[in-house]
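Engineer: structure for this input, please:
(6 chains)
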6 protein chains.
Amino acid sequence: MPTLHVELFAGRPPAVKAELARALTDACVAVLGSPADAVQVVFHDVARHDWATGGVLWSARAPAPPEPGAAA
Amino acid sequence: MPTLHVELFAGRPPAVKAELARALTDACVAVLGSPADAVQVVFHDVARHDWATGGVLWSARAPAPPEPGAAA
Amino acid sequence: MPTLHVELFAGRPPAVKAELARALTDACVAVLGSPADAVQVVFHDVARHDWATGGVLWSARAPAPPEPGAAA
Amino acid sequence: MPTLHVELFAGRPPAVKAELARALTDACVAVLGSPADAVQVVFHDVARHDWATGGVLWSARAPAPPEPGAAA
Amino acid sequence: MPTLHVELFAGRPPAVKAELARALTDACVAVLGSPADAVQVVFHDVARHDWATGGVLWSARAPAPPEPGAAA
Amino acid sequence: MPTLHVELFAGRPPAVKAELARALTDACVAVLGSPADAVQVVFHDVARHDWATGGVLWSARAPAPPEPGAAA
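Structural biologist: Numbering: from 1, shown residues only, chains lettered A, B, ... in the order given. Here you go, the predicted structure:
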């Protein structure tokens, strides 16, 4: 019955979320012994202008180099 | 002072949310004895490609038959 | 598939939470047409010293008169 | 390591969120002694038709007078 | 920068949470390409009397058979 | 109407939370123009064995030097 809420920067394509949901669920099944159907994963996209670290919004920082899986 | 965060699939029309907010608030008033004005209800729409059960996004499943109150 | 997170002041006995879970689930079934088994309700007890309104913790306020269902 | 999730009505311009993120972070640094870089602030915009108080959605209420910092 | 909030039934020993945190972080690193240090995992224990499915608290159901990793 | 959920390591005394609630509320009043009574602050204590960064629980790390406001 674990439920995972995943906050991540907006822009990941659905195929990446699908793969991540599967990997996170596999981790819960392997470590907790939960039945897969009992695992819920909910994604919450967060825009860079809605997340601050150290008091500075990420939209105000220089962009990071592209990551694998990021929307091109 | 109860606060309810309600995650539900996106697509419900405002009239349905209005009715649900009223029904949830009524339940808190009836069971907890809270004054109605102390009850907060916040809806969070979740897209089908942002919710997975059993490691599979709901956008990758066959659609369920239509429900009463669902957006047509 | 609606999931409700309910924050409420700590101290409600399990019987009251059981009744509230049932009433909230009934509301989702009636208004959204969700199958009951798809409705999740999760309670989060919040101590009065962990909740502030207007910048003042509820533990620093005069207690409210007792409510029906409150722990005696 | 404090993380703040801030739910607020949608419509605040990024400059206001930037200022609020800075002020909230400063408060954590001043009161908790946290290093600024350890403070995370995440904003969650909530539409007026997704927030109810007393069982009534804010979209169904008369609008409040404009506030400083609100989107014009 | 993904942050995972994991709600699970109370009773898992710290060693299981440590292993799960590692596995979930590995999944984010592998799928999203996030640097490991940017991944936050926060566990929220939920008592069986604080979680209802289908309107029935899990504390009112027959216990499930023991799972690997569950507190003995 | 902003609501702030503040996750922080367990162990802060109520006086520190009281001061932080006041400072966060003041920030919302000053920046957003919200009436103070419309600002809600909810604290969520997180144990060091329930929070991982980089896949490692904070309970498995060397303790940080004491901070001002930390429980002695």
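
Engineer: how about the residues of chain A by chain B?
Structural biologist: Within chain A, the positions near chain B by Cβ under 8 Å from any Cβ of the partner chain are A:14, A:17-18, A:21-22, A:24-26, A:36-37, A:39-45. (C-beta placed from N, C-alpha, C; glycine too.)

Engineer: can you flag which of the residues you listed belong to helices?
Structural biologist: Judged by DSSP state H, helices contain the following of the residues of chain A next to chain B: A:14, A:17, A:18, A:21, A:22, A:24, A:25, A:26.

Engineer: so which of those sits lowest on pLDDT?
Structural biologist: Within the set of these, pLDDT is lowest for residue A:14 (93).

Engineer: that residue contacts residue B:59, correct?
Structural biologist: Yes - contact status for residue A:14 versus residue B:59: in contact at 6.6 Å, counting by Cβ atoms under 8 Å.

Engineer: which neighbours do these two have in common?
Structural biologist: Counting by Cβ atoms under 8 Å, 6 or more residues apart in numbering or on different chains, the common neighbours of residue A:14 and residue B:59 are residue B:49.

Engineer: and the residue of chain A nearest chain C?
Structural biologist: For chain A, the residue closest to chain C is residue A:3, as judged by Cβ to the nearest Cβ, at 7.1 Å.

Engineer: mind listing what that residue touches?
Structural biologist: Neighbour list for residue A:3: A:39, A:40, A:41, A:42, C:3, C:40, C:42, E:6, E:7, E:8 [criterion: Cβ under 8 Å, 6+ apart].

Engineer: over to residue A:27?
Structural biologist: Neighbouring residues of residue A:27 by Cβ under 8 Å, 6+ apart: E:20, E:23, E:24, E:26, E:27.

Engineer: per-residue pLDDT, it?
Structural biologist: 98.

Engineer: and it, how far from chain F?
Structural biologist: 11 Å (Cβ to the nearest Cβ, to the nearest Å).

Engineer: with adjacent residues omitted, what lies nearest to that residue?
Structural biologist: Leaving aside its chain neighbours, residue A:27 sits nearest to residue E:23 (3.8 Å; criterion: Cβ to Cβ, 6 or more residues apart in numbering or on different chains).

Engineer: per-residue confidence at that neighbour?
Structural biologist: 98.

Engineer: wait, it touches residue A:25, no?
Structural biologist: No - at 11.0 Å, residue E:23 does not count as touching residue A:25 under the criterion of Cβ under 8 Å.

Engineer: any regions of chain A where pLDDT drops low?
Structural biologist: Low-confidence segments of chain A (pLDDT under 70): A:64-72.

Engineer: run the last query once more with 90
Structural biologist: A:1, A:62-72 (pLDDT under 90).

Engineer: show me where it has strands.
Structural biologist: Secondary structure of chain A (DSSP state E): strands at A:3-9, A:40-46, A:51-53, A:56-57.

Engineer: and of those, who's closest to residue C:32?
Structural biologist: Of all the strands of chain A, strand A:40-46 sits nearest to residue C:32, with 17.2 Å by Cβ to Cβ.

Engineer: indicate whether the closest one makes contact with chain D.
Structural biologist: Yes - counting by Cβ under 8 Å from any Cβ, chain D is contacted by strand A:40-46 at residue A:46.

Engineer: show me what that strand is packed up against.
Structural biologist: strand A:3-9, helix A:14-32, strand B:51-53 (3 or more Cβ pairs under 8 Å, 6 or more residues apart in numbering or on different chains; DSSP states H and E).

Engineer: for residue A:43, which non-adjacent residue is spatially closest?
Structural biologist: Using Cβ to Cβ, 6+ apart, the nearest residue to residue A:43 is residue B:50, at 4.2 Å.

Engineer: where's the one you found relative to residue A:1, distance?
Structural biologist: 20 Å (Cβ to Cβ, to the nearest Å).

Engineer: which of the ones in helices among the residues of chain A next to chain B has the most neighbours?
Structural biologist: Among these, residue A:21 has the most neighbours (other Cβ atoms under 10 Å in any protein chain shown), with 29 neighbours.

Engineer: what residues does that one make contact with?
Structural biologist: A:41, A:43, B:52, B:55, B:56, B:57.

Engineer: quick one: which of the contacts of residue A:3 is nearest to residue F:31?
Structural biologist: Nearest to residue F:31 out of those is residue A:42 (Cβ to Cβ; 29.6 Å).

Engineer: the closest one contacts residue B:49, doesn't it?
Structural biologist: No - using Cβ under 8 Å, residue A:42 makes no contact with residue B:49, being 11.3 Å away.

Engineer: so between these two, which is more surrounded?
Structural biologist: Each of residue A:42 and residue B:49 has its neighbours counted (other Cβ under 10 Å); residue A:42 has more, 20 against 17.

Engineer: since we're on the residue nearest to residue A:27, how many residues are nearby?
Structural biologist: By other Cβ under 10 Å, 19 other residues sit near residue E:23.

Engineer: look up the closest residue to residue A:30, ignoring the ones flanking it.
Structural biologist: Taking Cβ to Cβ, 6+ apart, and ignoring the residues beside it in sequence, residue A:30 has residue E:23 as its nearest neighbour in space, at 6.8 Å.

Engineer: could you measure from the one you found over to residue D:47?
Structural biologist: The value you get for residue E:23 to residue D:47, if Cβ to Cβ is used, is 36 Å.

Engineer: next: residue A:41.
Structural biologist: From residue A:41 to residue D:47 the distance is 24 Å (Cβ to Cβ).

Engineer: residue A:22 too?
Structural biologist: Per Cβ to Cβ, residue A:22 is found 31 Å from residue D:47.

Engineer: look up which residues are beta-bridged to residue A:44.
Structural biologist: For residue A:44, the residues forming beta bridges with it (DSSP bridges) are residue A:7.

Engineer: and the strands of chain A as a markdown table, adding distance to residue E:31?
Structural biologist: What follows is those, written out as a markdown table (distance: least, Cβ to Cβ, whole Å):
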| stretch | distance to residue E:31 |
| --- | --- |
| strand A:3-9 | 10 |
| strand A:40-46 | 12 |
| strand A:51-53 | 20 |
| strand A:56-57 | 25 |
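
Engineer: closest one to residue A:63 among these?
Structural biologist: Residue A:63 lies closest, by Cβ to Cβ, to one member of the strands of chain A: strand A:3-9, at 10.8 Å.

Engineer: contact residues of chain A facing chain E?
Structural biologist: Residues of chain A lying near chain E by Cβ under 8 Å from any Cβ: A:1-9, A:12, A:16, A:19-20, A:23-24, A:26-28, A:30-34, A:51, A:53, A:58, A:67-70.

Engineer: from those residues, list just the buried residues.
Structural biologist: Neighbour-count burial (16 or more other Cβ atoms under 10 Å in any protein chain shown) is assigned, among these, to A:1-9, A:12, A:16, A:19-20, A:23-24, A:27-28, A:31-32, A:34, A:51, A:53, A:58, A:69.
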